[in-house]
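Asks: Return atomic coordinates for the entry below.
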Amino acid sequence: MKVKKSVLNVCVVLSLLGCGAAWGADATLGQAGRLLESGKGSEAYVLLESLEPERAGEIEYDLLLGLAALEAGQNTRAVFALERVLAQEPNNARARAEIARAYLALGETKNARREFENVRSMGVPAEVGSTIERFLAAVERLEDEARTQVRGYLELGLGIDSNVNSGTSRGEYAIPFFGGWMFPVGSGAKENGDTFTNVAGGINFRTPLQAGLAVTGGAAFSQRLNSNDTDFDNGSWDANLGLTKAADKNQYSLALQASTFRLNGERYRDAMGFTGQWQHNYDSRNQASLYLQYASLTYPGQAIRNTDRFVVGGAYAHAFREGQVIYGGAYVGTEMEKNELATFMGHDLVGVRIGGQMDLAPRWVGFANANLEQRRYHGSDPFFLSIRQDLQANINVGANFSPSREWHITPQFSYTRNDSNLTLNDYHRQVVSVTVRRDF
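Replies: Numbers count the residues shown, from 1 in each chain. Now for the predicted structure:
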């Protein structure tokens, strides 16, 4: 069975074992090596493949051909070439690491596990050992796809929030409806800083129905407790149930979703809807996706705020040979008001996202992402007598430390700036937190 994998979940061992090896004075091999190092694996494969009848059996040639074939998605050809290398040099760690990747791409998890464990037993550096552990985790995930699996997690977080209520920093504001009179900003609308504790957990399952088709689902909760501003304690529950279908380089998913958000112990907003997604893996390093989301948003006791939310978007991700991953995407959408007399509750939106991650040290992965979203509301606000417009920016940076496969410690910093033409919706916010997570 041929299994495709996400470029976001796979690192490249070879970059850590010495990708930039010299290929001698051979001009053809030198050119192919340079193409590989510049990320042009398909071009290197075309250059080398035609020479196989006459050069098969040369260790340097076969190793390069194996690397190029793997980069070009020719996984079976990669196995054949790398087997010839190992027949002559059984202790060639580089060839064993790459043939393990080829087996993994082909879905031959038993062979992939054996070769990754062989490389690990050769006394590789700590950073390579950490990368191999992630490959072995990927092997385990693929093995799990053949049987029902249930996984869960628990999280505990501590942090400092400069603006727990997303309030304005201004002391007063004018209301045009009352002739421009100035009103003081109440304590509930003025920014308040506080420390907090967050508890979260969840459970997910996956049950295969037939080759490439599976039922997925899960449920999760989160509860945030502020030290002083308990009026802004909040929590959420959500659940999902859906289907995923893998077909060659494509994966399709459709899931029903339901959630509720609580503020100070009371239901504040409920959501019911679905998400559909198509994901395409071009090769081992490049992935694209398109998605559609719908949710009916209801506010108990505040029916005037109810809306239908539609969002459509796309994303692209690329993994470099050195292990770094970058991704970006864009989306557009609308929230349509359900009360035709409350057009100021609905809005159109457009946004962009960008982010990435990289290995910082053994067991440490750094990450950063940013999001910019513009919102324009459909009608004039009845008190401010103008159409609300927001431009919101979010930046998040941090690192994930994994002392073992089950434990993760994540310190991070996030910044939010919502630039709005309506005073009460104009705010900025900084959050510093540390989260400890245990997977089961």
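
Asks: For residue 169, grab the count of nearby residues.
Replies: If you count neighbours by other C-beta atoms under 10 Å, residue 169 ends up with 12. In short, each C-beta sits where N, CA and C put it, glycine included.

Asks: could you check the distance from residue 322 over to residue 39?
Replies: 11 Å (C-beta to C-beta, to the nearest Å).

Asks: who has more neighbours, those two?
Replies: For residue 322 against residue 39, the residue with the higher neighbour count under other C-beta under 10 Å is residue 39, and the figures read 15 against 12.

Asks: Could you look up the SS state of the nearest residue to the more buried one once chain neighbours are set aside?
Replies: Across the structure, with C-beta to C-beta, 6 or more residues apart in numbering as the measure, the residue nearest residue 39 apart from its sequence neighbours is residue 321 (6.9 Å). Here residue 321 takes the coil state, with states given by DSSP: H, G, I helix; E, B strand; the rest coil.

Asks: Can you tell me what sits against stretch 431-440?
Replies: The contact list for stretch 431-440, computed with C-beta atoms under 8 Å, 6 or more residues apart in numbering, reads 151-162, 198, 405-415.

Asks: pull the CA atoms of that stretch into PDB?
Replies: The C-alpha atoms that make up stretch 431-440 are tabulated as PDB, following Å, rounded to 0.1, in the frame of the first residue of the first chain:
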ATOM      1  CA  VAL A 431       0.300  37.100  26.500                       C
ATOM      2  CA  VAL A 432       3.300  35.200  28.000                       C
ATOM      3  CA  SER A 433       2.700  31.600  28.900                       C
ATOM      4  CA  VAL A 434       4.200  28.200  29.600                       C
ATOM      5  CA  THR A 435       2.200  25.000  28.900                       C
ATOM      6  CA  VAL A 436       2.900  21.500  29.900                       C
ATOM      7  CA  ARG A 437       1.200  18.700  27.900                       C
ATOM      8  CA  ARG A 438       1.000  15.000  28.400                       C
ATOM      9  CA  ASP A 439      -0.100  12.800  25.500                       C
ATOM     10  CA  PHE A 440      -1.700   9.400  26.100                       C
END
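
Asks: what about that stretch, distance to the chain center?
Replies: Mean C-alpha position of stretch 431-440 versus that of the full chain (C-alpha atoms, centre = their mean, to the nearest Å) differs by 16 Å.

Asks: what do you get for stretch 299-307?
Replies: Computed by C-alpha atoms, centre = their mean, the separation of stretch 299-307 from the middle of its chain amounts to 32 Å.

Asks: hey, where'd the strands end up in the stretch 1-150 of the chain?
Replies: Using DSSP state E, counting those that start in this stretch, the strands assigned to the stretch 1-150 of the chain run over residues 149-161.

Asks: What is the burial count for the residue nearest to residue 39?
Replies: Other residues within reach of residue 321 by the criterion other C-beta under 10 Å amount to 20.

Asks: who touches stretch 358-369?
Replies: Residues lying outside stretch 358-369 but in contact with it, judged by C-beta under 8 Å, 6+ apart, are 11, 126-127, 129-131, 322-325, 353-357, 395-403.

Asks: measure the residue nearest to residue 52 when sequence neighbours are not counted to residue 299 for me?
Replies: Closest residue to residue 52 apart from its sequence neighbours, by C-beta to C-beta, 6+ apart: residue 65 at 6.7 Å. Counting by C-beta to C-beta, the gap from residue 65 to residue 299 is 61 Å.

Asks: Neighbour count: these two, which is higher?
Replies: Neighbours were tallied for residue 65 and for residue 299 using other C-beta under 10 Å; the higher tally belongs to residue 65 (30 against 16).

Asks: Enumerate every residue touching the more buried one.
Replies: Under the criterion of C-beta under 8 Å, 6+ apart, the contact partners of residue 65 comprise 45, 48-49, 52, 77-78, 81.

Asks: Go again with 7 Å.
Replies: Neighbour list for residue 65: 48, 52, 81 [criterion: C-beta atoms under 7 Å, 6 or more residues apart in numbering].

Asks: Correct me if wrong: the first one contacts residue 63.
Replies: This points to residue 48. No. Counting by C-beta atoms under 7 Å, residue 63 is not a contact partner of residue 48; they are 10.5 Å apart.

Asks: low pLDDT regions in the chain?
Replies: Filtered on pLDDT under 70, the chain yields the residue ranges 1-25, 126-127, 144-145, 171, 173-174, 177-182, 187.

Asks: Show residues contacting stretch 155-171.
Replies: Counting by C-beta under 7 Å, 6+ apart, stretch 155-171 makes contact with 184-185, 188-201, 226, 229, 232, 423-424, 426-437, all of which sit outside it.

Asks: Could you find the closest non-adjacent residue to residue 342?
Replies: Counting by C-beta to C-beta, 6+ apart, residue 304 is the residue found nearest to residue 342 once chain neighbours are left out, at 4.8 Å.

Asks: Which parts of this protein belong to which domain?
Replies: Taking automatic domain parsing as the reference, the chain has its domains at 7-144, 149-439.

Asks: Determine which stretch of those domains is the most buried.
Replies: Mean neighbours per residue, mean count of other C-beta atoms under 10 Å, is largest over the domains of the chain for domain 7-144, with a mean of 19.
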